[in-house]
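S.K.: The sequence and its predicted three-dimensional model are supplied below.
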Amino acid sequence: MEFFFEVLIGGLLAGVMYSLVAIGFVLIYKASGVFNFAQGAMVLFAALTFVSLVESGVPFWAAFALTLATMILLALAVERWVLRPLVNRSPITLFMATLGLAYIIEGGAQALWGAQVHGLELGIDDVPLEFGGLFVSQFDLFAAATAATLVLVLSLLFNKTRIGLSLRAVADDTLAAQAVGIRLRRIWTVVWAVAGLVALITGLLWGARLGVQFSLSLVVLKALPVLIIGGFSSVGGAIVGGLIVGASEKLAEIYIGPLIGGGIENWFPYVLATLFLLARPAGLFGERTIERV
Amino acid sequence: MTSSQSSTLLSLDRVSLSFKGVKAVSNISFAVARGEICALIGPNGAGKSSLLNVINGVYRAQEGSVSFDGEIRRHMRPQHAAERGIARTFQNIALFKGMTVLDNVLTGRNLKRRSTWIEQALRIGRANHEDDVQRERAEKVIEFLRIQPWRDTLVGKLPYGLQKRVELARALAAEPKLLLLDEPMAGMNASEKTEMSGFIVDINREYGTTVVLIEHDIGVVMGLSDHVVVLDYGRKIADGAPEEVRRNPEVIAAYLGTRH
Amino acid sequence: MFYTEAGQFSTRYAADRRVFRLRQDRFALALLLVFAAGVVPLIGNDYWFNAILIPFLVLSLAGLGLNLLTGYAGQLSLGSAAFMAAGAFAAYNFQLRIEGLPLLISFGLGGLVAALLSVVFGLPSLRIKGFYLIVSTLAAQFLIPWVLVKYGWFSNHNASGVISAPPLQVIGADLSTPVGRYLLTLGVVVALTWLAKNIVRSELGRNWMAVRDMDTAAAVIGISLPKAKLLAFALSGFYLGIAGSLWAFAYLGTVEPHGFDLSRSFQVLFIIIIGGLGSLLGNFLGAAFIVLFPLFLSNLVGLLPPGLIDAGQLENVQKMIFGALIIAFLIREPEGLARIWQKFRARARRWPLRY
């Protein structure tokens, strides 16, 4: 039984890492209706930029600030060259555009910083701590705390600030928001920049764990099932979805994996998410919309 | 013969519909006779479109039932409604924008085909002959509504008034028993309205099609319809011949405001 | 004005329904087919067959498969490569386990298996819309290759899951030479393209486009949405499955499940975006672009002083250009190369007049 709980807690904490990627998605989806497949590429780009700066002798916080500035520039570029020309196009078109964007960012990141694997040290040891007989990784706890802080900051940003109010207005009804004088372009830029910040933090945590390398961009594939289960438009849903995926994936790997041959973590979340979709097409927290004709 | 010969084609029996607790339509009953033109009128938000959506199964009514052509149903799927002979147009044009006018009208014929997709794909069996027959029928409708010049144009590129006509053509191509028209004249100028009214009357006379339509222009409604149903806030407030309804105090109140 | 259409009126519906209504178009197509089947085998060399023509044709067919689903029926999929894998491995097993089964029959059976799987993973489309579907298609993309690797039966217990081409014989003719493999591929692709042209112009094709453009209206006019969607998945899977068999046996010779990974699915998706969603010609233009562009780029780099751009860098640059092209096409020409070709033709029809 203790083993079960250790697996469960390990899975939940891993799920927090998935949630982090998913939050970046949700932000952009809420504000612009874009399903941003390039979020994973942004994670890779941010992590590579950061780690390359640190390796060339830039201090930690300066590297963080510089990378963040780069992500803001990226947001400006995306707004100007991708979102603005594609305004009012179908969601599927926008999704495909972000596939193209992912290619540009991935290619660009590797062209700029090379393709070798970089180690990343955040100064947190990945040692297990004991809590009442259960062993939990210190690093996982740190990641979970970071995620919690991030969510807190984001919800303050959205609920207490003027820009947050504008953002929610845009999410609710783009045309009406424009009619009352909200500048859509600025909102989009801000949201993509915030998603860039989320990508940077995600990149640091994932990078410290896996090494900063190309496969970081594949975390996007972990986030997708999380989004489906949690619903595209809810930060809370992204968290819960991440926890569900993390926990069930680890439990399945341990308890079902051996029966059918192991290595199931690539597809298991997708099959789970597909089943979820069949049961609840709008996700756990999404609302079913009424179709008007 | 059975009920299919009865003079009532469509009747609604105490139909109620709500969205997340908000009543859109409450306890509405009325009947539409075979071959008549029935108008649903009422202020915005009175529940007219919702009612059309209940009649052809796009929405599911929580209470009450709909009887069409002798068959009583609590709910029917849109596809089943089409099979039974209900066709309609939409308030905000719902054409297939990436297809030509002819193809749009041909989709209206889809229930009349007997050949399978395999026969059509391999061009064997009934497929070729049937293609000719369906094309001829579609062309007749296109001619009837005078949209021949645009036959091969993508509908997304047509002006609004013509799109409305193409949508009517698509519905008509299905040879429906009942035609539901949701604001067929919305956004049209006087001469376009006259033209459209003419088409509706012609359809009713020539094909004997029963029509239920929603319209805001009272002048047009009174001239066009045999029967008027008035809704306000989801309730029925009047039901009868146009002259009767015009004199109904509740209708006057709903349209002109109550005298205090 | 060699392209004049004057005097060519359709007097019967059957004539108006022809795939190519104009005499010139029919002539040009016949000429192209004669050239591809009769002249190319005589003048082409092995490099052209192996590195350009065969992959071009197979990718066109794969693009066609996805285009039926995404371009015509409006259902997005990121799992194309999985269905290619399913088709290839199924065809391999039919050949292996049924004595004397003709090659083309096993390709067809492989296509049917892929079609069946495609329908299974398409079932969620009955309840959900739009890009939510990418999840169930990605489930296919990750699950199917995993099964093929995990269970040795599918690759006849090859240690790394690799399968090799069966003898390529059609009605006694040996087609294992480069020319033979080219002709085999060409024959299959031409036949299936003809079939696809008929399908998209038939009632089923119209129903797909109706579902794509406005599904509520489609249901209201009596089109069965489940039937239209599931048939789109089935036919798409069938085409992809056969494309997979050709990819494995006519192009590569040997293939492992990882040859059909997510990046292959993206490649097929890019073909139809660049070529043109909802256009059959677009698949060929898009595939030609995808095959030729990297060759063009590496030749271009070859002109630069050596050492300036290495192979790894070239790949990154290529990726960036592809990404930029995708976005550029979506912005400037959402209907892809096929639309550009149409515009050019419309010009040619009026030439030398401008309007």
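M.R.: Sure, I can see it. Everything numeric in this text was worked out from a predicted model, so none of it was measured.

S.K.: Only C-alpha atoms from now on, for both contacts and neighbour counts.
M.R.: OK.

S.K.: For the residue positioned nearest the centre of chain B, which non-adjacent residue is spatially closest?
M.R.: What sits nearest the mean C-alpha location of chain B, by CA atoms, centre = their mean, is residue B:180, with 1.2 Å. Take residue B:180 and drop its neighbours on the chain: the residue closest to it by CA to CA, 6 or more residues apart in numbering or on different chains is residue B:88, 4.4 Å away.

S.K.: Equivalent analysis for residue A:166, please.
M.R.: residue A:182 (6.5 Å).

S.K.: my read is the residue nearest to the centre of chain B is in a helix, agree?
M.R.: No: under DSSP: H, G, I helix; E, B strand; the rest coil, residue B:180 sits outside any helix and is assigned strand.

S.K.: partners of it in the sheet?
M.R.: Applying DSSP bridges to residue B:180 gives these bridge partners: residue B:88, residue B:212.

S.K.: quick one: secondary structure of residue A:63?
M.R.: Going by three-state DSSP: residue A:63 is helix.

S.K.: wait, isn't it in contact with residue A:50?
M.R.: Yes: if you go by CA atoms under 8 Å, residue A:63 and residue A:50 touch, sitting 5.8 Å apart.

S.K.: More neighbours: which of the two?
M.R.: Taking other CA atoms under 10 Å in any protein chain shown, residue A:63 and residue A:50 do not tie; residue A:50 has more neighbours (27 against 20).

S.K.: residues contacting that one?
M.R.: Residues counted as contacts of residue A:50 (CA atoms under 8 Å, 6 or more residues apart in numbering or on different chains) are A:63, A:64, A:66, A:67.

S.K.: Make TSV from the residues you listed and add pLDDT and distance to residue C:97 to it.
M.R.: Shown next, in TSV, are the contacts of residue A:50 (pLDDT from 0 to 100; distance: CA to CA, whole Å):
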residue	pLDDT	distance to residue C:97
A:63	95	61
A:64	96	60
A:66	96	61
A:67	96	58
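
S.K.: quick one on the thing from earlier: how many neighbours does the residue nearest to residue B:180 have?
M.R.: 26.

S.K.: Could you pull out the strands in chain A for me?
M.R.: For chain A, the strands defined by DSSP state E cover A:128-131, A:134-137.

S.K.: all helices for the stretch 101-250 of chain A, in order.
M.R.: A:138-160, A:162-172, A:174-179, A:184-210, A:219-230, A:235-255 (DSSP state H, counting those that start in this stretch).

S.K.: Run a quick neighbour tally on residue C:284.
M.R.: For residue C:284, using other CA under 10 Å, the count is 26.

S.K.: Tell me what angle the lengthiest helix in chain A forms with helix A:162-172.
M.R.: Using DSSP state H to define each element, chain A has its longest helix at helix A:2-32. Calculated by axes from the mean of the first three to the mean of the last three CA atoms, to 10 degrees, helix A:2-32 forms an angle of 90 degrees with helix A:162-172.

S.K.: buried set for helix A:2-32?
M.R.: If you call a residue buried by 16 or more other CA atoms under 10 Å in any protein chain shown, then helix A:2-32 has these buried ones: A:7-32.

S.K.: which ones are touching the residue nearest to residue C:317 when sequence neighbours are not counted?
M.R.: Excluding its sequence neighbours, the residue lying closest to residue C:317 (CA to CA, 6+ apart) is residue A:107, at 6.3 Å. Residue A:107 makes contact with C:315, C:316, C:317, C:318, C:319, C:320, according to CA under 8 Å, 6+ apart.

S.K.: Those in helices, which ones?
M.R.: Using DSSP H, these in helices are C:315, C:316, C:317, C:318, C:319, C:320.

S.K.: Residue C:246: which of the helices of the stretch 101-250 of chain A is closest?
M.R.: Residue C:246 lies closest, by CA to CA, to one member of the helices of the stretch 101-250 of chain A: helix A:219-230, at 28.9 Å.

S.K.: which other helices and strands contact the closest one?
M.R.: helix A:2-32, helix A:39-55, helix A:235-255, helix A:268-279, helix C:133-150 (3 or more CA pairs under 8 Å, 6 or more residues apart in numbering or on different chains; DSSP states H and E).

S.K.: right, and the residue nearest to residue B:180 touches residue C:222 too?
M.R.: No: here residue B:88 lies out of contact with residue C:222, judged by CA under 8 Å, at a distance of 10.9 Å.

S.K.: what residues does chain A put near chain C?
M.R.: A:82, A:85-86, A:91-93, A:96-97, A:99-108, A:110-111, A:224-225, A:228, A:261, A:264, A:266-267, A:270-271, A:273-274, A:277-278, A:281 (CA under 8 Å from any CA of the partner chain).

S.K.: who's in contact with the residue nearest to residue A:197 when sequence neighbours are not counted?
M.R.: Nearest residue to residue A:197 in three dimensions, chain neighbours excluded: residue A:68, at 6.3 Å (CA to CA, 6+ apart). By CA under 8 Å, 6+ apart, residue A:68 lies in contact with A:46, A:196, A:197, A:200.

S.K.: Out of the residues you listed, flag the one nearest to chain B.
M.R.: residue A:196 (36.8 Å; CA to the nearest CA).

S.K.: For the residue of the stretch 151-300 of chain C at minimum distance from chain B, what are phi and psi?
M.R.: At 4.4 Å from chain B, residue C:222 is the closest residue in the stretch 151-300 of chain C, using CA to the nearest CA. Main-chain dihedrals, residue C:222, degrees, to the nearest 10: phi 110, psi 10.

S.K.: what helix or strand is the nearest residue to it once chain neighbours are set aside on?
M.R.: In this structure, residue C:222 finds its nearest non-sequential neighbour in residue B:79, 4.4 Å apart by CA to CA, 6+ apart. According to DSSP states H and E, residue B:79 maps onto helix B:78-84.

S.K.: quick one: contacts of that helix?
M.R.: Against helix B:78-84 from outside (CA under 8 Å, 6+ apart): B:56, B:57, B:58, B:87, B:111, B:176, C:219, C:220, C:221, C:222, C:223, C:224.

S.K.: do stretch B:23-39 as well
M.R.: Residues outside stretch B:23-39 that contact it (CA under 8 Å, 6+ apart) are B:7-18, B:45-47, B:50-51, B:63-64, B:204, B:208-215, B:221, B:224-229, B:233-236, B:239.

S.K.: Buried ones in that stretch, by neighbour count?
M.R.: Buried residues in stretch B:23-39 (16+ other CA under 10 Å): B:24-26, B:28-29, B:31-39.

S.K.: Now render those as JSON lines, adding secondary structure and pLDDT.
M.R.: JSON lines is the format used below for the buried residues of stretch B:23-39 (DSSP: H, G, I helix; E, B strand; the rest coil; pLDDT from 0 to 100):
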{"residue": "B:24", "secondary structure": "strand", "pLDDT": "89"}
{"residue": "B:25", "secondary structure": "strand", "pLDDT": "91"}
{"residue": "B:26", "secondary structure": "strand", "pLDDT": "91"}
{"residue": "B:28", "secondary structure": "strand", "pLDDT": "93"}
{"residue": "B:29", "secondary structure": "strand", "pLDDT": "94"}
{"residue": "B:31", "secondary structure": "strand", "pLDDT": "95"}
{"residue": "B:32", "secondary structure": "strand", "pLDDT": "96"}
{"residue": "B:33", "secondary structure": "strand", "pLDDT": "95"}
{"residue": "B:34", "secondary structure": "coil", "pLDDT": "95"}
{"residue": "B:35", "secondary structure": "coil", "pLDDT": "94"}
{"residue": "B:36", "secondary structure": "coil", "pLDDT": "95"}
{"residue": "B:37", "secondary structure": "strand", "pLDDT": "96"}
{"residue": "B:38", "secondary structure": "strand", "pLDDT": "96"}
{"residue": "B:39", "secondary structure": "strand", "pLDDT": "95"}
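
S.K.: of all these, which two lie farthest apart?
M.R.: Farthest apart among these - using CA to CA - are B:24 and B:35, which lie 28.2 Å from each other.

S.K.: ok so, going back, based on its surroundings, how many neighbours for the residue nearest to residue C:222?
M.R.: There are 24 residues near residue B:79, going by other CA under 10 Å.

S.K.: picking that back up, which single one of the contacts of residue A:50 is nearest to chain C?
M.R.: residue A:67 (20.5 Å).

S.K.: Understood, closing this out.
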